[in-house]
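*Asks:* model this:
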Amino acid sequence: MITSPPKYDQDLREFLETQRGSLVMLSDDPLFVRTLRTTILKTLGVKADCLEVFQDPGSALKSVRDHLGGKVPSPVLVLADRLLRGLPTLDFLRGVKGAFSEARVLVMTQETSKEALSQLFEIGVDSVLTKPVSVDTLIEKMAGAIKPQGKLSQLVQEAKRLLDLGDTVKAKLISKAILKIKENSPVALMIMGDALLIEGKREEAIASYEQAHQGAALYLEPLKKLAGVHQGEDDDNYLHYLKKLDVISPLNTERKCEIGKVYVRKKEMDKADAYFGEAIANAQREASSYVEQVVAGIAESVAEASPAMAEKYYVKILDMKGDNLTKEDMATFNRLGIALRQQGKWKEAIENYKKALTVVPGDERVLYNMGLAYADGQQHRQAVDCYEQVLRTDPQFFRTAAVVAFNIASAYHLCKHVEAAKEFLKVALEIDPHHHGSKRLLAKIKAGG
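*Replies:* Numbering: from 1, shown residues only. The predicted structure follows:
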């Protein structure tokens, strides 16, 4: 049953049929491509041949250029995977937004960090969706990318159009209208600042940008404007705003290089060297993501058939990271722990989880898995200690699945905490009344075992 609001469907149909808009897709995900085709043809009922799918960024960029720069220009929505064959598509996204600001861009990703999201929005991406995604959400995200929803968004779009035409008077009027609707709106203050800057009123523009920044400390655009205003005029203020941007969006390699260059001009070579080092680390991280994905794919493909081989490749992934481990690596730690436990290497699994806890102290999933490893080694008191740490942080953790409640119950039972074990088993059977392990253990306890 289709439940997406009719307005979103209508906006997409208007874009694809009335405006003769095009969808240019850069993806190597056949399942998502199929979902998109089904959405267009069946859910929306659009008959126009409006979708082009590419696996080569250069070809996709050429298609965008052909649609927007042809004799009869047509609007374009670009749908791009964040990773293509394991490599980031950042250069492609920068190319699209740099050369064709009128193109709308929707980025598709499996998962991403706050820092990576900041980087995408800084490039100018209009929207991000996380896969897998329902048809309703896909329609909503696409509609939101091509057409701003709501009065304020439409006013902002109109003001930006006027600024492109150099009509600062009307743009400032719209800014004031937005500020009446939403007091201290950062976007409205940005529009006002842009208009004042075009008019040559530099100090007033800076004040407007500053006000926008004060109202939304994590909003990148005011900081970028403030940095730009001071570039070439005042290195101290320029550096001040560049560093603020770097804190919010630390994956911007070019900006780290620029900070380093400013420090060189200031003869502060140690600080310059530190930022240049971070820039290189960023670049290496982007390049190594492909290698990491390949190794992870190998490990997962052999995990069932050969835990020993999987162990080798999971260790390789962690070794590649060196001291740059983050919470994003917990999945690898947990998979390595499983591979070790499958081989009976419970002591090694525990050491693996201890290392993980140095990166994410108190992580419930890591502690739970450590408890399982202790149980494998018949160290049931230590297992209970791990589970109790988990439950202190998340008292409902044992309700995650029947097997989780059963595993915790088993450890408590073996430590002679019979009543606690019975409570966990009751929950396991509430979740899954047919869970055989829980039924057997509860029967054993009732029989005095």
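*Asks:* please make it C-alpha for all contacts and neighbour counts, starting now.
*Replies:* Fine.
*Asks:* how does the protein divide into domains?
*Replies:* Following automatic domain parsing, one finds the domains of the chain at 6-146, 151-248.
*Asks:* below-threshold pLDDT in the stretch 151-300 of the chain: ranges please.
*Replies:* For the stretch 151-300 of the chain, residues meeting the criterion pLDDT under 70 lie at 286-291, 293-294.
*Asks:* next, residue 53: phi, psi?
*Replies:* The phi/psi pair for residue 53 (degrees, to the nearest 10) reads phi -120, psi 130.
*Asks:* bridging residues for it?
*Replies:* Assessed by DSSP bridges, residue 53 has beta-bridge partners residue 25.
*Asks:* is it true that it touches residue 27?
*Replies:* Yes: Residue 53 lies in contact with residue 27 (CA atoms under 8 Å); the separation is 7.1 Å.
*Asks:* more crowded one of these two?
*Replies:* Higher neighbour count among residue 53 and residue 27: residue 27, with 22 against 17, using other CA atoms under 10 Å.
*Asks:* quick one: contacts for the nearest residue to residue 405 once chain neighbours are set aside?
*Replies:* Leaving aside its chain neighbours, residue 405 sits nearest to residue 398 (4.8 Å; criterion: CA to CA, 6 or more residues apart in numbering). Counting by CA atoms under 8 Å, 6 or more residues apart in numbering, residue 398 touches 391, 404, 405, 408, 424.
*Asks:* so for the one helix or strand residue 142 maps to, mean pLDDT?
*Replies:* Assigned by DSSP states H and E, residue 142 belongs to helix 135-146. What helix 135-146 shows for mean pLDDT is 87.
*Asks:* okay, it in PDB with CA atoms only?
*Replies:* Written as PDB, here are the backbone C-alpha positions of helix 135-146 (Å, rounded to 0.1, in the frame of the first residue of the first chain):
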ATOM      1  CA  VAL A 135       9.700   3.600  -1.400                       C
ATOM      2  CA  ASP A 136       7.800   6.200   0.600                       C
ATOM      3  CA  THR A 137      10.900   7.600   2.100                       C
ATOM      4  CA  LEU A 138      12.700   7.600  -1.300                       C
ATOM      5  CA  ILE A 139       9.900   9.600  -2.800                       C
ATOM      6  CA  GLU A 140       9.900  12.100   0.100                       C
ATOM      7  CA  LYS A 141      13.700  12.500   0.000                       C
ATOM      8  CA  MET A 142      13.700  13.100  -3.800                       C
ATOM      9  CA  ALA A 143      10.800  15.600  -3.600                       C
ATOM     10  CA  GLY A 144      12.600  17.400  -0.800                       C
ATOM     11  CA  ALA A 145      15.800  17.700  -2.900                       C
ATOM     12  CA  ILE A 146      14.100  19.100  -6.000                       C
END
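*Asks:* how about residues contacting that helix?
*Replies:* Under CA under 8 Å, 6+ apart, the answer for helix 135-146 is 2-4, 8-9, 11-12, 15, 35, 39, 77, 104-106, 126-129.
*Asks:* so the residue nearest to residue 405 belongs to a helix, correct?
*Replies:* Yes: judged by DSSP: H, G, I helix; E, B strand; the rest coil, residue 398 forms part of a helix.
*Asks:* which intervals of the stretch 1-150 of the chain have sub-threshold pLDDT?
*Replies:* Scanning the stretch 1-150 of the chain for pLDDT under 70 picks out 1-6, 111-112, 148-150.
*Asks:* all helices for it, in order.
*Replies:* Assigned helices in the stretch 1-150 of the chain, in chain order: 6-13, 30-38, 57-69, 90-99, 114-123, 135-146 (criterion: DSSP state H, counting those that start in this stretch).
*Asks:* nearest to residue 231, of the ones you listed?
*Replies:* Among the helices of the stretch 1-150 of the chain, helix 114-123 comes nearest to residue 231, with 18.4 Å by CA to CA.
*Asks:* what's the offset of the helix holding residue 142 from the middle of its chain?
*Replies:* The chain centroid and the centroid of helix 135-146 are separated by 18 Å, computed with CA atoms, centre = their mean, to the nearest Å.
*Asks:* next, the angle from that helix to helix 6-13.
*Replies:* Orientation note: helix 135-146 sits at an angle of 60 degrees relative to helix 6-13 (axes from the mean of the first three to the mean of the last three CA atoms, to 10 degrees).
*Asks:* list the buried ones in helix 135-146?
*Replies:* Neighbour-count burial for helix 135-146 flags 135, 136, 138, 139, 140, 141, 142, 143, 144, 145, 146 (criterion: 16 or more other CA atoms under 10 Å).
*Asks:* for stretch 346-360, same thing?
*Replies:* 346, 347, 349, 350, 352, 353, 354, 356, 357, 359, 360.
*Asks:* which single one of those residues is nearest to residue 282?
*Replies:* The closest of those, once distances to residue 282 are taken by CA to CA, is residue 359, at 19.6 Å.
*Asks:* and residue 344, which of the three is it?
*Replies:* Quick answer, by three-state DSSP: residue 344 is coil.
*Asks:* in stretch 42-61, which residues are buried?
*Replies:* By 16+ other CA under 10 Å, the buried positions in stretch 42-61 come out as 43, 46, 50, 51, 53, 54, 55, 57, 60, 61.
*Asks:* same check, this time on stretch 313-329
*Replies:* Counting neighbours by 16+ other CA under 10 Å, stretch 313-329 gives 313, 314, 315, 316, 317, 318, 325, 329 as buried.
*Asks:* measure the fifth one to residue 252 for me?
*Replies:* This points to residue 317. Distance, residue 317 to residue 252, using CA to CA, to the nearest Å: 24 Å.
*Asks:* just the closest of the buried residues of stretch 313-329 to residue 436, please.
*Replies:* Distance to residue 436 across the buried residues of stretch 313-329 (CA to CA) is lowest for residue 314, with 32.5 Å.
*Asks:* for the closest one, what are phi and psi?
*Replies:* Torsion angles, degrees, to the nearest 10, at residue 314: phi -60, psi -40.
*Asks:* same check on residue 410?
*Replies:* Torsion angles, degrees, to the nearest 10, at residue 410: phi -60, psi -40.
*Asks:* quick one on the thing from earlier: mutual contacts of residue 53 and residue 27, please.
*Replies:* Common contacts of residue 53 and residue 27 (CA under 8 Å, 6+ apart): residue 33.
*Asks:* what separates residue 346 from residue 120, distance-wise?
*Replies:* 41 Å.
*Asks:* kindly report the same for residue 98.
*Replies:* On the measure of CA to CA, residue 98 and residue 120 end up 13 Å apart.
*Asks:* neighbour-wise, which of those two wins?
*Replies:* Legend: neighbour count by other CA under 10 Å for residue 98 and residue 120, higher for residue 120 (22 against 13).
*Asks:* how about that one: what's its closest non-neighbour residue?
*Replies:* Distances taken as CA to CA, 6+ apart put residue 90 closest to residue 120, at 7.9 Å, once the chain neighbours are dropped.
*Asks:* any idea how far residue 253 is from the one you found?
*Replies:* From residue 90 to residue 253 the distance is 11 Å (CA to CA).
*Asks:* pull the most distant pair out of the buried residues of helix 135-146.
*Replies:* Farthest pair in the buried residues of helix 135-146, by CA to CA: 135 and 146, 16.7 Å.
*Asks:* no further questions, thank you.
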